[in-house]
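*Asks:* Sequence plus predicted model, see below.
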Amino acid sequence: EDQVTQSPEALRLQEGESSSLNCSYTVSGLRGLFWYRQDPGKGPEFLFTLYSAGEEKEKERLKATLTKKESFLHITAPKPEDSATYLCAVQAAGSARQLTFGSGTQLTVLP
Amino acid sequence: EAQVTQNPRYLITVTGKKLTVTCSQNMNHEYMSWYRQDPGLGLRQIYYSMNVEVTDKGDVPEGYKVSRKEKRNFPLILESPSPNQTSLYFCASTTGGKEKLFFGSGTQLSVL
């Protein structure tokens, strides 16, 4: 059974204080790993897809990396507008229909 | 504007009273899906549809029905809602690659 575990559950940072969110996964052959951002009262919004170990993707202050067992979402010099819940999901090879999501990390960036 | 539209945004009902949550997308996506989101459990897939008249069960289909008669619409039906179906529901769609899901804004359902 595919599993995704995100840590920490919640993270509070001061503006400008860089940190990383972790996504550990167990999947029978990884087709893709996905990061989404979810703001309160809204649906998740797509950020990145990573396909293979060693791959990295960047968008503004966010950088996602992937190893064979986990992914990190690095946040550099965060701003209050980066406050959101960040969700990680995996898609197994041969299961091209659905994603398995983690419970998310709720990030709060204080001014 | 490309979007997935769900209605209603909030719904309070009583046990056993049939309800439908509508979902519509304007991006001509083949793939559509329903998820429920519960604290500590993450997003769990209820049903999905690969195209018109093609639907299949996700991880938690019990107590739900869906239909896909038109490409743009994918309603979620609760024939006899129960309190354990109180949750936040999201509809999502994507193209054939199924990589970038587009989510609706959610429907908060409370079953009393």
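*Replies:* That came through fine.

*Asks:* what number of residues lie near residue B:18?
*Replies:* Residue B:18: 11 surrounding residues under other C-beta atoms under 10 Å in any protein chain shown. In short, each C-beta sits where N, CA and C put it, glycine included.

*Asks:* where's it relative to chain A, distance?
*Replies:* Residue B:18 sits 25 Å away from chain A, taking C-beta to the nearest C-beta, to the nearest Å as the criterion.

*Asks:* Skipping adjacent residues, who's closest to that residue in space?
*Replies:* residue B:79 (5.5 Å; C-beta to C-beta, 6 or more residues apart in numbering or on different chains).

*Asks:* Read off the pLDDT value for the one you found.
*Replies:* You'll see residue B:79 listed with a pLDDT of 95.

*Asks:* And for it, the neighbour number?
*Replies:* Residue B:79 is flanked by 12 other residues according to other C-beta under 10 Å.

*Asks:* quick one: contacts for the closest residue to residue B:17 other than its chain neighbours?
*Replies:* Distances taken as C-beta to C-beta, 6+ apart place residue B:81 nearest to residue B:17, at 6.6 Å, with adjacent residues excluded. Neighbour list for residue B:81: B:13-19, B:63, B:109, B:111 [criterion: C-beta atoms under 8 Å, 6 or more residues apart in numbering or on different chains].

*Asks:* Same question for residue A:22.
*Replies:* Contacts of residue A:22 by C-beta under 8 Å, 6+ apart are A:6-8, A:70-72.

*Asks:* which of those are close to chain B?
*Replies:* For chain B, no contacts are drawn from the contacts of residue A:22 by C-beta under 8 Å from any C-beta of the partner chain.

*Asks:* Quick one, which of those are buried?
*Replies:* A:6, A:70-72 (16 or more other C-beta atoms under 10 Å in any protein chain shown).

*Asks:* Poorly predicted segments of the chain, please.
*Replies:* All of this is about chain A. Applying pLDDT under 70 to chain A picks out residues A:95-97.

*Asks:* I was thinking of chain B, sorry if that wasn't clear
*Replies:* Within chain B, the stretches with pLDDT under 70 are B:96-98.
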